[in-house]
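Visitor: have a look at this prediction, sequence included:
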Amino acid sequence: MAIIEIDHVSKAYEVEGEESTDALKNVSIDIKEGEFVCIVGPSGCGKSTLLEIVAGLLNQTGGEVRVDGKPVKGTSREIGVVFQDAALYPWRTIRRNIGLGLELSKAPKEKQKEQVEKYMELTGLSDFADKYPSQLSGGMKQRAGIARALVMDPRVILMDEPFSALDYLTRCKLQEELMAIREKEKKTILFVTHDINEAVYLADRVILLSPRPSVVQKEYVIKNNSATRDRRDSTLMKIAAEISADISRGASTDEYIEYII
């Protein structure tokens, strides 16, 4: 059974005195529990718009999103979100930034401490607990953003281009760390990226959205153990080249391709 059901979702933006602009049109994607799914597509195709709808941060104009069978109506503790900008509060230490959700939900103090310590250790931030965001690198800030999402123990994690502003080496390191976290925590992850190589390295499935108004253009299933995946694998490089070509020339709608590597 799918834990995330994106069911014929459409989104149109109304501009006063002008015709509405369709961003998404009848997008349907089912994501099983424990899956890692990446969404790619040309710039401006609505990838982030779709993620914000799933997160409950934006209302769709048609269709429905369900998480664990329940319609998404606003934000939920079952959904953790990591943005491109970690958006940490500069006046709070890293420890207190990570624990903010638990603090707001009035979780018992002992649980707050236990959970925060657990996810600081998991993301390599234990030695930086009492630092402030201004004292951390971009990569460390993103680790804090991931820890803040995980600490609430959500059913699913949504990630909107979380590594795009980082340098190449830091990005690769955080991709590897995310794979390790995924194996340990067994979370369902929906990840938006413009980096095709990142998508094929991380994902069980890659969903290609068409130019606006976006529909699901093609789906690529990568069958192997993502924990042991090698970014230099020739098959992964071939898949990335194929996706890039499909974006450039346009592919037939609703194609499904499975790769075993």
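Guide: Received it, and whenever you're ready, just let me know what you need. Predicted model, so just to flag it, every value in this text is computed and none were measured. Numbers count the residues shown, from 1 in each chain.

Visitor: ok now stretch 134-142, how far from the chain's centre?
Guide: For stretch 134-142, the distance from its own C-alpha centre to the chain's C-alpha centre is 19 Å (CA atoms, centre = their mean, to the nearest Å).

Visitor: dump it to PDB, restricted to CA.
Guide: Coordinates of the C-alpha atoms in stretch 134-142 are reproduced here as PDB (Å, rounded to 0.1, in the frame of the first residue of the first chain):
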ATOM      1  CA  SER A 134      26.600  31.700  11.900                       C
ATOM      2  CA  GLN A 135      29.500  29.500  13.200                       C
ATOM      3  CA  LEU A 136      28.700  26.600  10.900                       C
ATOM      4  CA  SER A 137      29.400  25.800   7.300                       C
ATOM      5  CA  GLY A 138      26.600  25.300   4.700                       C
ATOM      6  CA  GLY A 139      26.900  21.500   5.000                       C
ATOM      7  CA  MET A 140      26.700  21.600   8.700                       C
ATOM      8  CA  LYS A 141      23.600  23.800   8.600                       C
ATOM      9  CA  GLN A 142      21.900  21.300   6.200                       C
END
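
Visitor: where exactly do the helices run in the stretch 51-200 of the chain?
Guide: 94-98, 100-104, 109-122, 138-150, 168-185, 196-202 (DSSP state H, counting those that start in this stretch).

Visitor: among the ones you listed, which comes closest to L158?
Guide: Closest of the helices of the stretch 51-200 of the chain to L158 is helix 138-150, at 8.4 Å (criterion: CB to CB). For every residue, glycine as well, the C-beta is placed using N, CA and C.

Visitor: name the helices or strands packed onto the closest one?
Guide: strand 79-82, helix 94-98, helix 109-122, helix 168-185 (3 or more CB pairs under 8 Å, 6 or more residues apart in numbering; DSSP states H and E).

Visitor: spit out the contact partners of I247.
Guide: Contact analysis of I247 by CB atoms under 8 Å, 6 or more residues apart in numbering lists 40-42, 196, 208.

Visitor: mind putting the helices and strands packed on helix 138-150 into CSV with distance to P133 and mean neighbour count?
Guide: Formatted as CSV, the helices and strands packed on helix 138-150 follow (distance: least, CB to CB, whole Å; neighbours: other CB atoms under 10 Å):
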stretch, distance to P133, mean neighbour count
strand 79-82, 15, 24
helix 94-98, 7, 23
helix 109-122, 14, 16
helix 168-185, 16, 16
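
Visitor: how about a markdown table for those, with mean pLDDT and distance to T235 added?
Guide: A markdown table is the format used below for the helices and strands packed on helix 138-150 (pLDDT from 0 to 100; distance: least, CB to CB, whole Å):
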| stretch | mean pLDDT | distance to T235 |
| --- | --- | --- |
| strand 79-82 | 95 | 28 |
| helix 94-98 | 96 | 37 |
| helix 109-122 | 93 | 30 |
| helix 168-185 | 91 | 17 |
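
Visitor: okay, now the unreliable bits of the stretch 101-250 of the chain?
Guide: 225-227, 250 (pLDDT under 70).

Visitor: on that earlier part again, give me the buried subset of the contacts of I247.
Guide: 40-42, 196, 208 (16 or more other CB atoms under 10 Å).

Visitor: mind listing the strands for the protein?
Guide: Using DSSP state E, the strands of the chain run over residues 2-13, 21-32, 36-40, 62-67, 70-71, 79-82, 156-160, 188-192, 205-209, 216-223, 255-260.

Visitor: got the ones you listed as a markdown table, with distance to I94 columns?
Guide: Output for the strands of the chain, formatted as a markdown table (distance: least, CB to CB, whole Å):
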| stretch | distance to I94 |
| --- | --- |
| strand 2-13 | 30 |
| strand 21-32 | 30 |
| strand 36-40 | 26 |
| strand 62-67 | 29 |
| strand 70-71 | 33 |
| strand 79-82 | 15 |
| strand 156-160 | 19 |
| strand 188-192 | 23 |
| strand 205-209 | 33 |
| strand 216-223 | 34 |
| strand 255-260 | 39 |
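
Visitor: noted, bye for now.
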